[in-house]
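*Asks:* sequence first, then the predicted structure:
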Number of protein chains: 2
Amino acid sequence: MTTHPTRTLSEFLVASRYEDIPAEVRHEASRAMLNALGCAIGSARHETVEAALAAVTPFAGQPQAGIFGRAERLDALNAALVNGISIHVLDFDDTHQRAVHPSAPVLPALLAYAEWKQTSGRDLLHAFVLGVEAEVRIGLSVFPEHYDIGWHITGTAGVFGAAAATAKLLGLDAQRTAWALGIAATQSSGLREMFGSMCKSLHPGRAAQGGMTAALLAAQGFTSSERAIEAPRGFGNVMSTKFDATVITNGLGEHYELSKNMYKPYACGLVVHAAIDGCIQLRREHDLKPEDIDRVELATSLLVPELTGNRTPQNGLEGKFSVYHAAAVALVHGAAGEAQFSDAVVRDATVIAVRDRVSISAGAGVRKLEAHVNIRLRNGTVLEKHVEHALGTVERPMSDRDLEDKFRSLADGVLSAAEASRVIGLCWRVAELEDAGELARATVPR
Amino acid sequence: MTTHPTRTLSEFLVASRYEDIPAEVRHEASRAMLNALGCAIGSARHETVEAALAAVTPFAGQPQAGIFGRAERLDALNAALVNGISIHVLDFDDTHQRAVHPSAPVLPALLAYAEWKQTSGRDLLHAFVLGVEAEVRIGLSVFPEHYDIGWHITGTAGVFGAAAATAKLLGLDAQRTAWALGIAATQSSGLREMFGSMCKSLHPGRAAQGGMTAALLAAQGFTSSERAIEAPRGFGNVMSTKFDATVITNGLGEHYELSKNMYKPYACGLVVHAAIDGCIQLRREHDLKPEDIDRVELATSLLVPELTGNRTPQNGLEGKFSVYHAAAVALVHGAAGEAQFSDAVVRDATVIAVRDRVSISAGAGVRKLEAHVNIRLRNGTVLEKHVEHALGTVERPMSDRDLEDKFRSLADGVLSAAEASRVIGLCWRVAELEDAGELARATVPR
């Protein structure tokens, strides 16, 4: 079974029926869609989205599919590109417990398809669950070595998710599904060097567009390798120093990776969430003021300085890659939403004064989503907080209500309260929709 | 200088003037264009091109640019994709002496741009030379390790060529050119596992489209890393086990890689050309008939069995990856053009009978484009031929007249003789054209 993961996965995707998907996994799909659409709407006017739209609009075809949170309509492939960018650009989208931002590469391809060719909500939800399953399993088959080498796994694995999901909607057979995965494999790309630039969010955008193209090509009989994942010169071996095919095939259909999906309460990388969480809790419990604070010491995992070690961020985007800034806004504002990662807040003197008092000690003894926060006040008091699991983790998930609140906060200023409520309602009952494209169109402000 | 290859290369691209390009390099650009357009016209109705066109046409925008050899017009980005495929699909396009098929990723982006926004022939030619310079140097900076790992360097390096060339036409400054190279780097992809499937020619198609998109995004201020080639998590280090930045920067502008371009007289991979050449020469010199032949022994480089070791090809495409078939048609037909790699010829009993008499001994003592051919006849005679440099190499180049003949042979059945002559004439005087788009339009049959 494990010697043919491309074929085994393809056969699973073809054989899967909607009824096979457990109710809690279907509900998680609704949660993921709500979260992803909120992120896209919240960044609908982001400069990254504006630049991408300006670049591709002269080449766009028939207005088949909408840009979330905006009035423009592009052909489905270009819409998938721009929506993949906008879901991810705030770094506020979902994250699988181990690796990959699952929704950004998959949902844009599916909703673009659904707007182009009428698709039921059931079929959309089913294809979404399967797309996430494919991308996460393929991603984990090479994780963490693949990521450690320097690949941005949301791009490199995401393209498989978009291909698998679109192949399911197209009703491809197992051979053509395998070709779609092969055409995806040979477009797999995205370097971690791009973190901190607009290209980071280009990765899920290109993955959505490339994966969708892969399935459309396969549907036309465009051939590929049928062993693209496992061959000696296939994805696993070329793009990683470790490849474990059993991760792709073991227990397929018995459990679903979407069950391990996490949502961010804070608008930055997950690795700093525990530190933010601890700072917010201490601020609340002790009514801390910026001027009370003498020193902030954070004990974190090794990933924190590696990914977010910028001591002197100059703008909002850089602020997302600075644990120092993140801890500072948590202490000064008691929050770490999009507003706290604006250029103005990053340059605010009060925030900078606290930021300069933050230090980190990172060690292998602290897990990725864990942190110890130690604050010494000017009066000599020492406050401590151990955050074992940050809010938003699988162990301590955001509630449906939390996700609704997050959506409303992101949609504020783009959609009216009634429009936001309508999107929320459509997400919860997506499986009942005759025309899933309604979900995309509901994100457009009147 | 070598510590900032992305910046150094970008500054070179910006500073380069048309007058800097030596006359012989400009002439080589004309030769490369003529050869590439012939390949595209010859494959205008290839099933790979048909499948790609069918897949993307529903999404195509305004008819900005033509498909070589066909009447259809698509938006410039989709035209670049399809034309990148059609130039390469016959495996008959140009090859740099050391690595990379230079024209297929670069020319489609440039001609699509030239049809979209009127561009002079001088500017097109200049950008073409620079695009080839960028892709070959970046490719060679990681060669051969990058290729040995399993990357199809025409895709992975080609995307830089299309980006650099389009950036030049757009007149980007050094920073935006560096971003364009960065956006290219993070789309760099293409696995050798795809050899033998339609995906092999998808690689230059995607490279043309992705590189062009990279430059268009950079023009809109879409940011990227400015060290995408050399950074620890950039192209060179992530995608290869060896990276030598000096290959990119040394002697920039002092010599041009296009001078080392090669053109194929035979419609298959270069590594078997010397063997074909030897077989054709022996057939001609001794008037050989298939029934005369008892055994054919080929002494080749190690690459020959590795890349073309298929003993029993089943169709034309597989025949291109079979040195056994290639030697057989050379001996039976005295030729190895497109016709000799048709499904029918691969299944021809006479060809198969000779094919089954071919054996290879490969060794490190034989260079890549060298071969020893040893034929034992049924009457006991032994014939030998040592081909030191196959026809089409830099040492033994095809003449301009050879290239014209090859073009006419490829265009036969698509263009009239007069139409073919017109394209040939336009290629030789491309630098004088006010509107370089004329070259693309001339490939369309009346």
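*Replies:* It's in.

*Asks:* name the next helix or strand following the helix or strand hosting A:Asn78 along the chain.
*Replies:* Element membership for A:Asn78 (DSSP states H and E) is helix A:76-88. Counting by DSSP H and E, the next helix or strand C-terminal to helix A:76-88 is strand A:95-96.

*Asks:* count the neighbours of A:Thr350 for me.
*Replies:* As a burial measure, A:Thr350 scores 13 neighbours (other Cβ atoms under 10 Å in any protein chain shown). (Each C-beta comes from the backbone N, C-alpha and C, glycine too.)

*Asks:* chain B versus the residue nearest to A:Leu252 when sequence neighbours are not counted, what's the distance?
*Replies:* In space, and not counting its chain neighbours, A:Leu252 is closest to A:Phe12: 4.7 Å by Cβ to Cβ, 6 or more residues apart in numbering or on different chains. According to Cβ to the nearest Cβ, to the nearest Å, A:Phe12 stands 21 Å off from chain B.

*Asks:* what's the average pLDDT for the host helix or strand of A:Phe12?
*Replies:* Per DSSP H and E: A:Phe12 is located in helix A:5-15. Per-region confidence: helix A:5-15 scores 98 on mean pLDDT.

*Asks:* who are the packing partners of that helix?
*Replies:* Secondary structure elements in contact with helix A:5-15, counted by 3 or more Cβ pairs under 8 Å, 6 or more residues apart in numbering or on different chains; DSSP states H and E, are helix A:121-140, helix A:158-170, helix A:174-185, helix A:246-249.

*Asks:* how about those helices in JSON lines, adding distance to chain B, mean pLDDT and mean neighbour count?
*Replies:* Output for these, formatted as JSON lines (distance: least, Cβ to the nearest Cβ, whole Å; pLDDT from 0 to 100; neighbours: other Cβ atoms under 10 Å in any protein chain shown):
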{"stretch": "helix A:121-140", "distance to chain B": "14", "mean pLDDT": "98", "mean neighbour count": "26"}
{"stretch": "helix A:158-170", "distance to chain B": "9", "mean pLDDT": "98", "mean neighbour count": "32"}
{"stretch": "helix A:174-185", "distance to chain B": "6", "mean pLDDT": "98", "mean neighbour count": "29"}
{"stretch": "helix A:246-249", "distance to chain B": "16", "mean pLDDT": "97", "mean neighbour count": "19"}
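
*Asks:* so which of these gets nearest B:Arg378?
*Replies:* Nearest of these to B:Arg378, taken as Cβ to Cβ: helix A:174-185 at 44.4 Å.

*Asks:* extract the CA atoms of the next helix or strand after the closest one and return them as PDB.
*Replies:* Counting by DSSP H and E, the next helix or strand C-terminal to helix A:174-185 is helix A:199-219. C-alpha atoms of helix A:199-219 as PDB (Å, rounded to 0.1, in the frame of the first residue of the first chain):
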ATOM      1  CA  CYS A 199       5.800  36.800  -1.700                       C
ATOM      2  CA  LYS A 200       4.900  34.800   1.400                       C
ATOM      3  CA  SER A 201       1.200  35.200   0.600                       C
ATOM      4  CA  LEU A 202       1.900  34.700  -3.100                       C
ATOM      5  CA  HIS A 203       2.600  31.100  -2.200                       C
ATOM      6  CA  PRO A 204      -0.900  29.900  -1.300                       C
ATOM      7  CA  GLY A 205      -2.200  32.100  -4.100                       C
ATOM      8  CA  ARG A 206       0.000  30.400  -6.700                       C
ATOM      9  CA  ALA A 207      -0.800  27.000  -5.000                       C
ATOM     10  CA  ALA A 208      -4.600  27.600  -5.400                       C
ATOM     11  CA  GLN A 209      -4.200  28.700  -9.000                       C
ATOM     12  CA  GLY A 210      -1.600  26.000 -10.000                       C
ATOM     13  CA  GLY A 211      -3.400  23.200  -8.300                       C
ATOM     14  CA  MET A 212      -6.700  24.200 -10.000                       C
ATOM     15  CA  THR A 213      -4.900  24.400 -13.300                       C
ATOM     16  CA  ALA A 214      -3.400  20.900 -12.700                       C
ATOM     17  CA  ALA A 215      -6.900  19.400 -12.300                       C
ATOM     18  CA  LEU A 216      -8.200  21.200 -15.300                       C
ATOM     19  CA  LEU A 217      -5.200  20.100 -17.400                       C
ATOM     20  CA  ALA A 218      -5.600  16.500 -16.200                       C
ATOM     21  CA  ALA A 219      -9.300  16.700 -17.200                       C
END
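
*Asks:* I'd like the average pLDDT over helix A:199-219.
*Replies:* 98.

*Asks:* one step back: just the CA trace of the helix holding A:Asn78, in CSV.
*Replies:* The C-alpha trace of helix A:76-88 is given here as CSV (Å, rounded to 0.1, in the frame of the first residue of the first chain):
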residue,chain,number,x,y,z
ALA,A,76,-11.7,31.6,-12.0
LEU,A,77,-8.0,31.0,-12.2
ASN,A,78,-7.0,34.5,-11.5
ALA,A,79,-9.6,34.8,-8.8
ALA,A,80,-8.1,31.8,-7.1
LEU,A,81,-4.7,33.4,-7.2
VAL,A,82,-5.8,36.7,-5.6
ASN,A,83,-8.1,35.1,-3.0
GLY,A,84,-5.3,32.7,-2.0
ILE,A,85,-3.1,35.8,-1.4
SER,A,86,-5.8,37.6,0.6
ILE,A,87,-6.6,34.8,2.9
HIS,A,88,-3.0,34.4,4.0
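
*Asks:* do it and chain B meet?
*Replies:* Yes: using Cβ under 8 Å from any Cβ of the partner chain, we find that helix A:76-88 touches chain B at A:76-78.

*Asks:* is the residue lying closest to A:Phe128 once chain neighbours are set aside within a helix or a strand, and which one?
*Replies:* Nearest residue to A:Phe128, sequence neighbours excluded (Cβ to Cβ, 6+ apart): A:Ala29, at 5.3 Å. Counting by DSSP H and E, the element that carries A:Ala29 is helix A:23-42.

*Asks:* what packs against that helix?
*Replies:* helix A:76-88, helix A:103-116, helix A:121-140, strand A:261-262, helix A:400-411, helix A:417-428.

*Asks:* in a markdown table: those, plus distance to B:Ser86.
*Replies:* Formatted as a markdown table, those follow (distance: least, Cβ to Cβ, whole Å):
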| stretch | distance to B:Ser86 |
| --- | --- |
| helix A:76-88 | 20 |
| helix A:103-116 | 26 |
| helix A:121-140 | 31 |
| strand A:261-262 | 42 |
| helix A:400-411 | 44 |
| helix A:417-428 | 43 |
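
*Asks:* if we can go back for a sec, list the contacts of the residue nearest to A:Phe128.
*Replies:* Taking Cβ atoms under 8 Å, 6 or more residues apart in numbering or on different chains, we find A:Ala29 in contact with A:125, A:128-129, A:258, A:430.

*Asks:* of those, just say which sits nearest to A:Gly150.
*Replies:* The nearest one, if we look at those relative to A:Gly150 and count by Cβ to Cβ, is A:Leu258, at 27.1 Å.

*Asks:* residues near the closest one, how many?
*Replies:* Neighbourhood size, A:Leu258 [other Cβ under 10 Å]: 27.

*Asks:* so it sits right up against A:Glu133, yeah?
*Replies:* Yes: A:Leu258 lies in contact with A:Glu133 (Cβ atoms under 8 Å); the separation is 7.1 Å.

*Asks:* show me what the least confident helix or strand in chain A by mean pLDDT is in contact with.
*Replies:* Ranked by mean pLDDT, DSSP states H and E, the weakest helix or strand in chain A is helix A:316-319, scoring a mean of 92. Identification of contacts with helix A:316-319 by Cβ under 8 Å, 6+ apart yields A:196, A:268, A:310, A:313, A:325-326, A:340-343, A:345-346.
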